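A.B. asks: Got a predicted structure plus its sequence, pasted below:
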Amino acid sequence: MTLAFPSIRTRLEDGVLFATLDAGPLNLLGVDLVRDLVSLVDTLDTDRGEVRVVVIDSAAPDYFSAHVDLSAVSQYTAEAAKAGGPGDASLGMFLHRLADVPVITIAKVRGRARGGGNELALACDMIFASRENAVFGQFESGTGAMPGAGGIQHLTRRLGRTRAIEAIAGADDFDADLAERYGWINRALPETELDDFVDRLAKRIAGFPPEGIRAAKRAINDLTLADPADVRSDAATFQGLIALPETRERLDYLADRGLQQPGELEHHLGKAVAEFQYRRP
């Protein structure tokens with residue numbers, strides 16, 4: 001099996017693959033990172049060897065993954081399509097495949113996980129986060145779009161209808177404590193305890209007979225994962241919405257102020273999307 005990827009650091013220990021996203025200060029879901037995630041999922045599906053559990057975290061202290069690379073939507077979509085073919089040419093369908101891999105996946109979140117970065121975390125089987133600095137959000141509605149890579153499907157199932165509408169239509173940031181109370185994540189843990197807790201849980205699961213774990217995950221997924229048709233519909237709607245003139249105007253406004261660059265706007269994106277005042281002619 002091959003576990004070397006340019007934008008993902010990997011370490012295999014006691015049946016646990018630690019996969020650290022390392023694609024720059026924001027870990028944007030762009031061409032390189034999506035390509036490597038597709039390769040990782042291919043490996044887990046076809047040649048996983050001794051891997052029983054995967055822990056995904058980030059090398060960037062302030063960002064698990066800020067969001068998708070909004071300057072390269074068609075390019076990263078082409079990379080995502082390699083996971084399932086032209087009929088499934090979307091990040092959402094690739095993340096749906098990630099949710100269905102025959103190992104347990106855990107997102108360990110420090111910093112910001114917004115938009116597609118949050119959808120990447122949601123595609124994992126569990127999410128554990130730093131109480132002090134983890135932030136979650138789906139900001140797309142603030143630009144005129146909507147989550148297109150599984151955020152609507154996962155959050156509605158986890159949070160329930162009314163809280164999902166609050167999270168998605170409100171487009172605001174959720175700290176780890178509030179995300180835990182809402183059911184967005186499994187647990188918010190003190191920063192000093194996060195690594196040890198996730199390591200212990202991952203290695204505990206990796207030590208159990210794998211067939212039983214895989215069977216349990218399949219059964220749970222059958223009950224809870226979205227139908228692929230719904231994921232495809234969300235992806236198509238997202239693609240249409242980001243092409244609308246008002247959405248482009250809002251994204252251009254944010255880009256002029258520092259979108260996709262380390263700095264205050266990305267740090268406080270949930271606040272920034274509400275500051276634009278659309279002026280009709």
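C.D. replies: Received it, and whenever you're ready, just let me know what you need.
A.B. asks: centroid residue for the chain?
C.D. replies: Centroid-nearest residue in the chain, with C-alpha atoms, centre = their mean: L120, separated by 1.7 Å.
A.B. asks: contacting residues for it?
C.D. replies: Contact analysis of L120 by C-beta atoms under 8 Å, 6 or more residues apart in numbering lists 29, 37, 56, 65, 95, 98, 107, 113. Every residue, glycine included, has its C-beta placed from N, CA and C.
A.B. asks: again, only this time at 10 Å
C.D. replies: By C-beta atoms under 10 Å, 6 or more residues apart in numbering, L120 lies in contact with 21, 27, 29, 33-34, 37, 56, 64-65, 67-68, 91, 94-95, 98, 107, 109, 113, 149-150.
A.B. asks: next one: V231
C.D. replies: Taking C-beta under 10 Å, 6+ apart as the test, what V231 contacts is 88, 90-97, 99, 148-150, 152-153, 225.
A.B. asks: Among these, which lie within strands?
C.D. replies: Nothing among the contacts of V231 maps onto strands, per DSSP state E.
A.B. asks: From those residues, which shows the smallest pLDDT?
C.D. replies: Of all those, D88 has the smallest pLDDT value, namely 76.
A.B. asks: Surely that one and R232 touch.
C.D. replies: Yes. Counting by C-beta atoms under 10 Å, D88 touches R232, with 7.2 Å between them.
A.B. asks: Now for these two: what residues contact both?
C.D. replies: Residues touching both D88 and R232 (C-beta under 10 Å, 6+ apart): H96.
A.B. asks: how about the one helix or strand V34 maps to: buried residues?
C.D. replies: For V34, the element it lies in under DSSP states H and E is helix 31-46. Buried positions in helix 31-46, judged by neighbour count with 16 or more other C-beta atoms under 10 Å: 31-41, 43-44.
A.B. asks: Can you tell me which of those residues is closest to I205?
C.D. replies: If you rank the buried residues of helix 31-46 by distance to I205 using C-beta to C-beta, L44 comes first, at 14.9 Å.
A.B. asks: Contacts only, for the closest residue in space to the closest one that isn't next to it in sequence.
C.D. replies: Of all residues not flanking L44 in the chain, V101 sits nearest, at 4.6 Å (C-beta to C-beta, 6 or more residues apart in numbering). Contact analysis of V101 by C-beta under 10 Å, 6+ apart lists 40-45, 48, 51, 54, 123-125, 214, 217.
A.B. asks: likewise R248?
C.D. replies: Applying C-beta under 10 Å, 6+ apart, the residues contacting R248 are 143-144, 242.
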